[in-house]
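K.L.:
Next comes the sequence, and after it the predicted model I'd like to discuss.
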Amino acid sequence: MDLMTWLPVAWFAVIGFGVLMYVVLDGFVLGIGILAPFAEDEEQLDLMMNTAAPIWDGNETWLVLGGAGLFGAFPLAYAVIIDALTIPLTAMLIGLIFRGVAFEFRFKATPSHRKFWDYSFAGGSLLATFSQGVVVGAVINGFDVEGRRFVGSSLDWLTPFNLFCGIGLVVAYTLLGTTWLIMKSEGALQQRMRELTRHVLLALMVVIAVVSVWTPLGWQYVADRWFTLPNFFWFLPVPLLVGIFSVLIWRLTRNPDSHARPFLLTLGLIFLGFSGLGISLWPNIIPPRITLWEAAAPPASQLFMLVGTLLIIPVILVYTAWSYYVFRGKVSDTEGYH
């Protein structure tokens, strides 16, 4: 294969890896924010936030990697997506900013101001998550492109399917949050999260079922990808594993000796959902018609950026892994990082 063939594929993998790492690592932190209103008191919310306090603020590195990679490797896709999704992407950034500021300011605030930061933390997390889900739905929906420019409306993203995807991602991140807190807490908080996990898991199964029916009925290219032979048999393990992982999570939340496995299985569910998205879209980067190779930057530019990216990714991975290793184990209400 020549450079023009494999470089776009390599960059698609790099961008996908960056986005997946962001979803995995920031998903449970946003989930904690969504769960904030369910905390019984300020002390319990302190404990919930302290489970993520030492490691949360590097998560946006992966989001930047995905966005910068898209800008450099697929400038046409970047231009179309930014133009078409200006409103939800701006809302996502506002939510992330409020979430981040509230995370830090809440612990320093006076008692009279603390409620404001509690609401900012929860509201920012909810807004960022919902906006990300809307973006995912809009990508599946596709974009109206003529030549090399977006010709649709700035409100094309405002569809029932996209809004449902926003709700679906809120549910998914909430499940990441509950299972993370099962792993990192103990006592009353852990028991409360075990109970919540089962309710959230049922909601997520409903979301997955609805999306699994809606997408092939609404978009022919998705139906062709999943339900034509031999594709059907190649991709059948994805929904089967979703069912198996869901049953295991349900059973493990009832086992008081199970701590980390529900979270690890939830990560598996997120990975399967992400894989399903990739299967549905491939090889298009601007659905429904523009492929990776049509949207790609010149090979010399892609190769130059790829060398630097492959050098920095291992450094980020080592730093991230070391952070999680240092702050492993349970967090108690006697500990704090602010």
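P.N.:
Yep, that arrived.
K.L.:
What distance do you get for residue 146 to residue 139?
P.N.:
According to CB to CB, to the nearest Å, residue 146 stands 19 Å off from residue 139. All C-beta atoms are positioned from the backbone trio N, CA, C, and that covers glycine.
K.L.:
Let me fix that, I meant to ask about residue 151.
P.N.:
17 Å.
K.L.:
all helices for this protein, in order.
P.N.:
For the chain, the helices defined by DSSP state H cover 3-35, 42-50, 60-73, 75-84, 86-105, 111-141, 160-184, 188-218, 220-227, 231-235, 237-253, 261-281, 292-295, 299-326.
K.L.:
Between those helices, which one is closest to residue 332.
P.N.:
helix 42-50 (7.6 Å; CB to CB).
K.L.:
which strands and helices sit next to that closest one?
P.N.:
helix 3-35, helix 111-141, helix 188-218 (3 or more CB pairs under 8 Å, 6 or more residues apart in numbering; DSSP states H and E).
K.L.:
Buried ones in that helix, by neighbour count?
P.N.:
For helix 42-50, burial by neighbour count (16 or more other CB atoms under 10 Å) applies to 44-50.
K.L.:
would you list those residues in CSV and tack on pLDDT and distance to residue 203?
P.N.:
Converted to CSV, the buried residues of helix 42-50 look like this (pLDDT from 0 to 100; distance: CB to CB, whole Å):
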residue, pLDDT, distance to residue 203
44, 83, 22
45, 83, 22
46, 81, 27
47, 85, 24
48, 86, 20
49, 85, 24
50, 85, 27
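K.L.:
which of the residues you listed lies closest to residue 56?
P.N.:
Minimum separation from residue 56 among those (CB to CB) is found for residue 49, which lies at 8.9 Å.
K.L.:
Touching, the closest one and residue 102? I think so.
P.N.:
No: counting by CB atoms under 8 Å, residue 102 is not a contact partner of residue 49; they are 9.6 Å apart.
K.L.:
overlap in contacts of those two?
P.N.:
residue 121 (CB atoms under 8 Å, 6 or more residues apart in numbering).
K.L.:
Please work out which residues outside stretch 184-197 touch it.
P.N.:
35, 38, 40, 44, 47-48, 51, 175, 178-179, 181-182, 249, 253-254, 262, 330-332.
K.L.:
redo that, cut-off 7 Å
P.N.:
38, 44, 47, 51, 175, 178-179, 181-182, 253, 262, 330-331 (CB atoms under 7 Å, 6 or more residues apart in numbering).
K.L.:
can you pick the most crowded of those?
P.N.:
The most crowded member of the contacts of stretch 184-197, judged by other CB atoms under 10 Å, is residue 179 (31 neighbours).
K.L.:
Could you measure from that residue over to residue 330?
P.N.:
With CB to CB as the criterion, residue 179 and residue 330 are 14 Å apart.
K.L.:
hang on, the earlier thing: turn the contacts of stretch 184-197 into JSON lines, columns for distance to residue 11.
P.N.:
Shown next, in JSON lines, are those (distance: CB to CB, whole Å):
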{"residue": "38", "distance to residue 11": "40"}
{"residue": "44", "distance to residue 11": "44"}
{"residue": "47", "distance to residue 11": "41"}
{"residue": "51", "distance to residue 11": "34"}
{"residue": "175", "distance to residue 11": "30"}
{"residue": "178", "distance to residue 11": "35"}
{"residue": "179", "distance to residue 11": "32"}
{"residue": "181", "distance to residue 11": "36"}
{"residue": "182", "distance to residue 11": "37"}
{"residue": "253", "distance to residue 11": "39"}
{"residue": "262", "distance to residue 11": "34"}
{"residue": "330", "distance to residue 11": "40"}
{"residue": "331", "distance to residue 11": "38"}
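K.L.:
one step back: among the helices of the chain, which is the most enclosed?
P.N.:
helix 160-184 (a mean of 23; mean count of other CB atoms under 10 Å).
K.L.:
Show the average pLDDT along that helix.
P.N.:
The pLDDT scores in helix 160-184 average 94.
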